[in-house]
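In: requesting a structural model of the entry that follows:
(2 chains)
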Protein chains: 2
Amino acid sequence: MLEKPKKKDLTLDPENWDAMRQLGHRMIDDLFDYWENIRNEKIWKPIPQEVKEFLDQPIPEKGQNPEDVYREFKQNIFPYNKGNVHPRFFAWIQGTGTPLGVLADLLASGMNPNVAIGEHSAMYVDRQVVNWCKELMNFPSEASGILVSGGSMANITALTVARNSFRDEKIRTQGLKAASAQLVLYCSTETHSCIQKAAEIIGLGTAAVRKIGVNDHFEMKVEELEFQIQGDIEAGLLPFCIVGTSGTVNTGAIDPMDELLAVSRKYGLWFHVDGAYGALARLDPKYADRLKAIEEADSLAFDLHKWLYVPYEVGCTLIRDAKKHRDSFALTPNYLIQESRGLSGGLDSINNHGFELSRGFKALKIWMSLKEHGREKYAQMIAQNNRQAEYLADLVNMSPDLELMAPVSMSITCFRMIKPGYTENQLGELNRGILLRLQEEGIASPSSTILNGKYTLRIANVNQRTQMGDMDLLVREVLRIGSEIQ
Amino acid sequence: MLEKPKKKDLTLDPENWDAMRQLGHRMIDDLFDYWENIRNEKIWKPIPQEVKEFLDQPIPEKGQNPEDVYREFKQNIFPYNKGNVHPRFFAWIQGTGTPLGVLADLLASGMNPNVAIGEHSAMYVDRQVVNWCKELMNFPSEASGILVSGGSMANITALTVARNSFRDEKIRTQGLKAASAQLVLYCSTETHSCIQKAAEIIGLGTAAVRKIGVNDHFEMKVEELEFQIQGDIEAGLLPFCIVGTSGTVNTGAIDPMDELLAVSRKYGLWFHVDGAYGALARLDPKYADRLKAIEEADSLAFDLHKWLYVPYEVGCTLIRDAKKHRDSFALTPNYLIQESRGLSGGLDSINNHGFELSRGFKALKIWMSLKEHGREKYAQMIAQNNRQAEYLADLVNMSPDLELMAPVSMSITCFRMIKPGYTENQLGELNRGILLRLQEEGIASPSSTILNGKYTLRIANVNQRTQMGDMDLLVREVLRIGSEIQ
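Out: Next up, the predicted model:
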């Protein structure tokens, strides 16, 4: 018999399980204290220099006990949070999360399954959640889908399928160099930057992206689109895809979905919808009709960490033609061969439908959240955010010192303060000053954008903690700070 | 004054905070009970049909209380876990996670920052962890890096930079169709499938991937590589990148790093190392020399959810030339413009270095884990897994009924049971039967692969709970089951 090495077996499990368990309890308590009181806390605090220095130290050689690690976290990391859990966070488009969503992440991480392959419960939860996503979007049950990290990955996944499915160009196997001509895709000047980035990554290049102009509602001009497609065809290029946006990042504008769908059918193009932010607005009856054509799209990308309010990260791609989806990504090496039974049995490997092999259990937070609240409550919440944006616009319109900068669409309100005799430049500086002071005084976190060359405050609201009264407060504080800035 | 809508503000926060807090405590207790006792539990259980049916119901319209949701979880999901938290999980290459790593995920999800942009603590933690990754790999501090979901994303991120940086082809802007010829990359027949998938996604096509043969240690043959490169140059193609693997997925083989580096320099090619599994083996003194050349690579991909034992998902890409990295991905739309102060100030946006815009706080689990254990402990743990694999090989070599199927490299041991007079086919069926019964009896979860056409059991060990004694038990049970199968 071989002699077993005598050294004690090492592990990373705790020496003292009870102490670590108590630490877990303390974390739960600290998080709940944080959430319960967040409305009374400042939304943002500057990070002290010594904290930045602490977070710039080299890798630790020796370990320290978990309680000390947590103490360091509480002192240096926890207090300087971004703030999108706060009721007056309106920057970019960032969801709030919910307590049960967070606890679901705890369970997912604790089970720690790799949700790519194999016969285990997380694979079935993942499949169920993808099916629920189809139901939310009224996609057919035969459609295919995959959960990804968010909108950027959801869009690039769909565009890869669109590219690979284009006629008989065999781009997956032969590459773009061998294509019969340059492929071209269409979106608007207001389209999210991830579409351009995706085109660059998948080898089409920036030059392949046609950014079509928008009308004064920031919606794609369909005539210009068709004109461009015809011109590209005449130039010997290969138009292959139209990207419509359901909720632009700047103003929440919705491209004319019906018309884009019709144009895509007329020219035999793939119709992809980037609904990262606003596809779920279809649950609000006010937007259901305008978003109806999403159901007919060839592919759809949308986020769950925005308007389903689950914690980061999770988005979804739906692909109408399941075969095209799988044909773009399926690849089974010897070490992943599926069996008919046992751990290696079960459902089709999820990595046959996307970029990644290893995948975490991000489905669980969606599963628990939809169980907790049901579709109806989400419809109400999304509608509430939209009504809050409209109410804010009403407040803006009532004030002679404020100016609405774009039509309100979905839950984004763009406005600025104005002062008589100010130049555009001065107005920009004024509103930039208001924005920074709102953040620095810990009151609210809007962000900004540029619309038609003009700097504007931008209130984007996918926040489940926001109340109507927060809009009153925001306007009051904008006016106060603006009047204080000379 | 505008009249505020009278309806009560809705929220997804709990009606009863205390009850939800208690639920959080129960989850902590249930997880700790699970981990503390896992050695005595079956590693895998089949999923009953009624559970599969439960996990196939349509989307809930109405909500239910969180306790009920958790009860459903405990009944239908928790018991049928994949098992990679168990000490005898050896399938594919899947890490175990640690209790503090899981608690870090709880905190990360609870803070819920979007770690892409802005002045907040998570941005600094993310930067620090990337710097620690450079230290682990002895990359220069001026190098660039980004945390991603895992090896597949880490590899495709690096290959995109390699492609975009190739000479003056301007592939990011002009696309591959406009390149002066077809680009070609080199890897071995044992290279992970994600390299081929990446080449397909970024538009090079399967045809652009040259799979070079391997020697009897499953390492790339450098002569054949050079021969192929010369042939491709003569054929007017554009060799641009060599991918060396540090720890192949089948057998843990290490391509000859020094020689690949030399060939890449000779022909002016990008040298990328896929160290998803095994780059961290450089912390084991036994492998430090053979992996020394990794430090000179142009880019390196490696996972933290494998050999840093943190929960899913997190991997890392390092790029030696930070400018090339940023030039491949930077893109700043109007709504993301950085300010000099406030929430929108701070570090360079992380999305300038990768595919994604929104990103979760995956850095925290690495931060807390490296703080808890220090680099030294990880070096010991990785060495322990390697020694366990070697010990298993010794046991195999001692038994006349077992056959080692590949040289042991790092922590992968490939072997099979043999019986006199059995054909190859019968041996395959025998070992397949052993594998399935090991899983179905809940004893251990190896996986399988095919080596030189032969079916083999594959024990891949990045498990922080495995003890030497588990290897004895495994061999004993393989022999028992094998003798029972006729």
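In: what's the pLDDT at the residue in the stretch 351-486 of chain A that chain B sits nearest to?
Out: Across the stretch 351-486 of chain A, no residue is closer to chain B than residue A:360, which sits at 3.5 Å (Cβ to the nearest Cβ). Heads up, the C-betas are built off the backbone N, CA and C, glycines and all. At residue A:360, the model reports a pLDDT of 97.
In: am I right that it falls within a helix?
Out: No. Counting by DSSP: H, G, I helix; E, B strand; the rest coil, residue A:360 falls outside a helix, being coil.
In: can you pull the phi/psi pair for the residue of the stretch 51-200 of chain A found nearest chain B?
Out: At 2.7 Å from chain B, residue A:175 is the closest residue in the stretch 51-200 of chain A, using Cβ to the nearest Cβ. With angles defined as degrees, to the nearest 10, residue A:175 sits at phi 80, psi 170.
In: ok so, going back, okay, now the residue of the stretch 351-486 of chain A closest to chain B: neighbour count?
Out: Number of residues near residue A:360 (other Cβ atoms under 10 Å in any protein chain shown) recorded here: 30.
In: how close does the nearest residue to residue A:352 once chain neighbours are set aside get to residue A:143?
Out: Nearest non-adjacent residue to residue A:352, counting by Cβ to Cβ, 6 or more residues apart in numbering or on different chains: residue A:330, 3.9 Å away. To residue A:143, residue A:330 is 17 Å away according to Cβ to Cβ, to the nearest Å.
In: looking at the two, which is more packed in?
Out: residue A:143 (20 against 13).
In: for that one, give me its contacts.
Out: A:134, A:318-322 (Cβ atoms under 8 Å, 6 or more residues apart in numbering or on different chains).
In: show the buried residues in these.
Out: Among those, those classed as buried by 16 or more other Cβ atoms under 10 Å in any protein chain shown are A:134, A:318-321.
In: follow-up on the earlier one: list the ones among the contacts of residue A:143 that fall in strands.
Out: Using DSSP state E, the subset of the contacts of residue A:143 located in strands is A:318-319.
In: okay if I get the contacts of residue A:143 as a markdown table plus pLDDT?
Out: Below are the contacts of residue A:143 laid out as a markdown table (pLDDT from 0 to 100):
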| residue | pLDDT |
| --- | --- |
| A:134 | 98 |
| A:318 | 98 |
| A:319 | 98 |
| A:320 | 98 |
| A:321 | 98 |
| A:322 | 98 |
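In: widest-spaced pair of the contacts of residue A:143?
Out: A:134 and A:321 (13.3 Å; Cβ to Cβ).
In: which residue ranges of chain A form strands?
Out: Going by DSSP E, chain A shows strands at A:89-90, A:144-148, A:183-188, A:209-212, A:238-245, A:270-274, A:299-303, A:315-319, A:402-404, A:412-417, A:445-451, A:454-460.
In: can you redo those as CSV with distance to residue B:349?
Out: Shown next, in CSV, are those (distance: least, Cβ to Cβ, whole Å):
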stretch, distance to residue B:349
strand A:89-90, 18
strand A:144-148, 20
strand A:183-188, 22
strand A:209-212, 21
strand A:238-245, 21
strand A:270-274, 20
strand A:299-303, 18
strand A:315-319, 19
strand A:402-404, 29
strand A:412-417, 21
strand A:445-451, 13
strand A:454-460, 17
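In: of the ones you listed, which stretch is the most buried?
Out: A comparison of these by mean neighbour count, using mean count of other Cβ atoms under 10 Å in any protein chain shown, puts strand A:299-303 on top with a mean of 31.
In: could you list the low-pLDDT ranges of chain A?
Out: A:1-6 (pLDDT under 70).
In: which residue does it have closest to chain B?
Out: For chain A, Cβ to the nearest Cβ, closest residue to chain B: residue A:203, 2.1 Å.
In: what is the neighbour count of that residue?
Out: Neighbours of residue A:203 (other Cβ under 10 Å): 30.
In: do residue A:45 as well
Out: Residue A:45: 17 neighbours (other Cβ under 10 Å).
In: could you do the one 10 residues further on as well?
Out: Other residues near residue A:55 come to 23 when the count uses other Cβ under 10 Å.
In: check contacts around the residue lying closest to it once chain neighbours are set aside.
Out: Leaving aside its chain neighbours, residue A:55 sits nearest to residue B:124 (4.0 Å; criterion: Cβ to Cβ, 6+ apart). Going by Cβ under 8 Å, 6+ apart, residue B:124 touches A:47, A:51-52, A:55-56, B:347.
In: so of these, which ones are in helices?
Out: A:51-52 (DSSP state H).
In: what subset of the contacts of residue B:124 is buried?
Out: A:47, A:51-52, A:55.
In: looking at those residues, which is nearest residue B:214?
Out: Of these, the one sitting nearest to residue B:214 (Cβ to Cβ) turns out to be residue A:55, at 43.4 Å.
In: surely the closest one and residue B:125 touch.
Out: Yes. Judged on Cβ atoms under 8 Å, residue A:55 makes contact with residue B:125 at a distance of 6.0 Å.
In: joint contacts of the two?
Out: In contact with both residue A:55 and residue B:125: residue A:77, using Cβ under 8 Å, 6+ apart.
In: the contacts of residue A:143: which ones sit near chain B?
Out: The subset of the contacts of residue A:143 within reach of chain B, by Cβ under 8 Å from any Cβ of the partner chain, is empty.
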